[in-house]
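1. just the structure for this:
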Amino acid sequence: MFERLLHPHRATLRKEPLTDEERAIVLRNVPHVAHLDSADRAELEGLVRVFLAEKSFEGCGGLTLTDEIKVTIAAEACLLLLHRETDMYPNVDSIVVYPGAYRVPEGTHTIGGGVVVDGVEGRIGESWTRGLVVLAWDHVKPGVLHVHGQSVVLHEFAHQLDSEDGAMTGAPELGTRARYASWARVLGDEFTELSARVHAGRPSDIDAYGATNAAEFFAVVTEMFFERPRAMKQRHPAMYAELVAFYAQDPAAQ
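-> Numbers count the residues shown, from 1 in each chain. Predicted coordinates for the structure are as follows:
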């Protein structure tokens, strides 16, 4: 199995199944899990156990943390680790959860007449290169505010995979030079196409936010890979194949 995930205390944790209550939360709040076979579900449960033991959670903005919040986030984050020889998000120590979109300072700007004001920006998630992931719970849980085909948890934890080599560049650790070259060619072409469409005001099946930069593109297409895999495979087969090779999963076949 995977060395970095199987040193002694992790190996013990991974043998401990979720409780019936925890399993019900996962099946209710992470629909993708319903398509996994029994072996994959067992592997995911073991990963969730490690995640919950090693990562701390903090509720902010008046949010009271519950098992539902922690288990839901852990299960969705661990979907990205199935079948992969990797660590347990080594740069993440804490997950901070707000009840909804939160506001952060955006610096200052001039609004006219020489008046300078402090700006703020509303966010539903962010991922720091060291230590922290921040999420808005009303955009994590299923419901009226949850947009089908998007996942803030998959998005922010894809950023964490991207940053494991020290920087968010849109290229996670791929191993061989050939894989980096293929990734750069395929995803680079897709990023260029999306950017051109967004600039020209033309629609795309890939979220326009992915045109922000290469790092956001990787996070956005990770969401699409898990949330709308058949559409991606049909319309972007080369990119889908790159993500199948990286994530060691083929969600369109499930």
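2. and Ala167, which helix or strand is it part of?
-> Taking DSSP states H and E as the criterion, no element holds Ala167; it sits outside all helices and strands.
3. name the nearest residue to it, sequence neighbours excluded.
-> Beyond its immediate neighbours in the sequence, the residue positioned closest to Ala167 (Cβ to Cβ, 6 or more residues apart in numbering) is Thr129, lying 7.2 Å away. C-betas here are computed from N, CA, C, even on glycine.
4. isn't the one you found up against Met168?
-> Yes. Counting by Cβ atoms under 8 Å, a contact exists between Thr129 and Met168, whose distance comes to 6.6 Å.
5. okay, those two: which has more neighbours?
-> A count of neighbours by other Cβ atoms under 10 Å puts Met168 above the other of Thr129 and Met168, at 23 against 14.
6. tell me which residue is most central in the protein.
-> For the chain, the residue sitting closest to the mean C-alpha position, by Cα atoms, centre = their mean, is Leu154 at 2.0 Å.
7. so what's the gap between the helix or strand containing that residue and the chain middle?
-> Using DSSP H and E, Leu154 falls within helix 152-162. On the basis of Cα atoms, centre = their mean, to the nearest Å, the separation between the geometric centre of helix 152-162 and that of its chain is 3 Å.
8. same question for stretch 29-47.
-> 16 Å.
9. tell me the buried residues in it?
-> Within stretch 29-47, the residues scored as buried using 16 or more other Cβ atoms under 10 Å are Asn29, Val30, His32, Val33, Leu36, Asp40, Arg41, Glu43, Leu44, Glu45, Gly46, Leu47.
10. and the contacts of that stretch?
-> 5, 13-18, 23, 26-27, 68, 71-72, 75-76, 78-79, 81-83, 88, 141-142, 226-227, 251, 254 (Cβ atoms under 8 Å, 6 or more residues apart in numbering).
11. again, only this time at 7 Å
-> Around stretch 29-47, the neighbours that count as contacts under Cβ atoms under 7 Å, 6 or more residues apart in numbering are 14-15, 17-18, 26-27, 72, 75-76, 78-79, 81-82, 141-142, 226, 254.
12. and Phe225, how many neighbours?
-> 26.
13. show the pLDDT at it.
-> Model confidence at Phe225, expressed as pLDDT, equals 96.
14. okay, the residue nearest to Ala167: pLDDT?
-> At Thr129, the pLDDT recorded in the model is 70.
15. quick revisit: which among the contacts of stretch 29-47 end up buried?
-> Looks like those have Arg14, Leu18, Val26, Thr72, Ala75, Glu76, Cys78, Leu79, Leu81, Phe226 buried, using 16+ other Cβ under 10 Å.
16. check those and tell me the two furthest apart.
-> With Cβ to Cβ as the measure, no two of the buried ones among the contacts of stretch 29-47 lie farther apart than Arg14 and Phe226, at 21.9 Å.
17. picking that back up, the residue nearest to the centre of the chain and Phe218: what is the separation?
-> 11 Å (Cβ to Cβ, to the nearest Å).
18. residues shared between the contacts of these two?
-> The overlap between the contact sets of Leu154 and Phe218 (Cβ under 7 Å, 6+ apart) is empty.
19. if you count neighbours, what's buried in the helix holding Leu154?
-> Val152, Val153, Leu154, His155, Glu156, Phe157, Ala158, His159, Gln160, Leu161, Asp162.
20. give me the next element, helix or strand, following the helix or strand where Ala215 lies.
-> With elements delineated by DSSP H and E, Ala215 resides in helix 214-227, which encompasses its position. Remark: after helix 214-227, the chain's next helix or strand is helix 229-235, criterion DSSP H and E.
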